[in-house]
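Peer 1: Turn this into a structure:
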Amino acid sequence: MPFNLPIFLTWLRIVAIPLLVVLYYLPSGWMSVEERDLFATLLFMAAGFTDWLDGYLARKLNQTSSFGAFLDPVADKLIVAAALIILVELDRTNAVVATIIIGREITISALREWMAKIGASKNVAVSMLGKVKTMAQMLAITLLLYREPILGWNSMQVGNLLIWIAALLTLWSMGYYLHKAWPEIAKRAARSGE
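Peer 2: Numbers count the residues shown, from 1 in each chain. Next up is the predicted model:
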């Protein structure tokens, strides 16, 4: 297993997951709800920043690796899933939204793994639609974790609007990736039926 600065940053993102969860289970006298939400938001934002930074550094320092390419999206999906589950438990977002987003991540991850196995991974490479979905999702989760008004804006309302937009983009991008993969799926299905 290779170890370099980009992979270290990815591991930090994975370590942030239990820290994020623990913040919401600390005894109530340890910090106020506002402090807890602020720390959780800052932790989530730092994780989002390391997601960008590890990719940038891997390319800039020529430290890309197949292990890093595997670990990076796993870390992203795990922290998003953990944050969504916390938000559902806190009744700050809808379980339907969380199920759509988490379900899509599992489906597309499995699709990408299968496409890589058959040598057709370029068919399901990350698209601009996927990047827009991720941006909306990360901003929505940040606002919902923070919960306090920002510059007069109700972060809960804006966050919930964005999380529904992210859920719709999630379904759209899943359809896009499945459409791109469909020729390979159909070809394999036809072969197995012969």
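Peer 1: Contacts only, for Ala98.
Peer 2: Residues in contact with Ala98 (C-beta atoms under 8 Å, 6 or more residues apart in numbering) are 84-85, 87-88. To be clear about C-beta, it is placed using only N, CA and C from the backbone, and glycine gets the same treatment.
Peer 1: Which secondary structure element is home to it?
Peer 2: When elements are defined using DSSP states H and E, Ala98 is found to belong to helix 95-117.
Peer 1: Tell me the buried residues in that helix?
Peer 2: Residues 97-98, 100-102, 104-105, 108, 111-112, 114-115 are the ones in helix 95-117 that count as buried (16 or more other C-beta atoms under 10 Å).
Peer 1: How far away from the center of its chain is it?
Peer 2: Put simply, helix 95-117 sits 11 Å off its chain's centre (C-alpha atoms, centre = their mean, to the nearest Å).
Peer 1: Can I get that helix in PDB? Just the C-alpha atoms.
Peer 2: Coordinates of each C-alpha in helix 95-117 appear next as PDB, following Å, rounded to 0.1, in the frame of the first residue of the first chain:
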ATOM      1  CA  ALA A  95     -34.900  10.200   5.000                       C
ATOM      2  CA  VAL A  96     -36.000  10.000   1.300                       C
ATOM      3  CA  VAL A  97     -33.300  12.400   0.300                       C
ATOM      4  CA  ALA A  98     -30.600  10.500   2.300                       C
ATOM      5  CA  THR A  99     -31.800   7.200   0.800                       C
ATOM      6  CA  ILE A 100     -31.600   8.600  -2.800                       C
ATOM      7  CA  ILE A 101     -28.100  10.100  -2.300                       C
ATOM      8  CA  ILE A 102     -26.600   7.100  -0.500                       C
ATOM      9  CA  GLY A 103     -28.300   4.600  -2.800                       C
ATOM     10  CA  ARG A 104     -27.000   6.300  -5.900                       C
ATOM     11  CA  GLU A 105     -23.500   6.400  -4.500                       C
ATOM     12  CA  ILE A 106     -23.600   2.600  -3.800                       C
ATOM     13  CA  THR A 107     -25.100   1.900  -7.300                       C
ATOM     14  CA  ILE A 108     -22.600   4.100  -9.200                       C
ATOM     15  CA  SER A 109     -19.700   2.800  -7.200                       C
ATOM     16  CA  ALA A 110     -20.700  -0.800  -8.000                       C
ATOM     17  CA  LEU A 111     -21.200   0.100 -11.700                       C
ATOM     18  CA  ARG A 112     -17.800   1.800 -11.900                       C
ATOM     19  CA  GLU A 113     -16.100  -1.200 -10.300                       C
ATOM     20  CA  TRP A 114     -17.800  -3.600 -12.700                       C
ATOM     21  CA  MET A 115     -17.000  -1.400 -15.700                       C
ATOM     22  CA  ALA A 116     -13.300  -1.200 -14.600                       C
ATOM     23  CA  LYS A 117     -13.300  -5.000 -14.300                       C
END
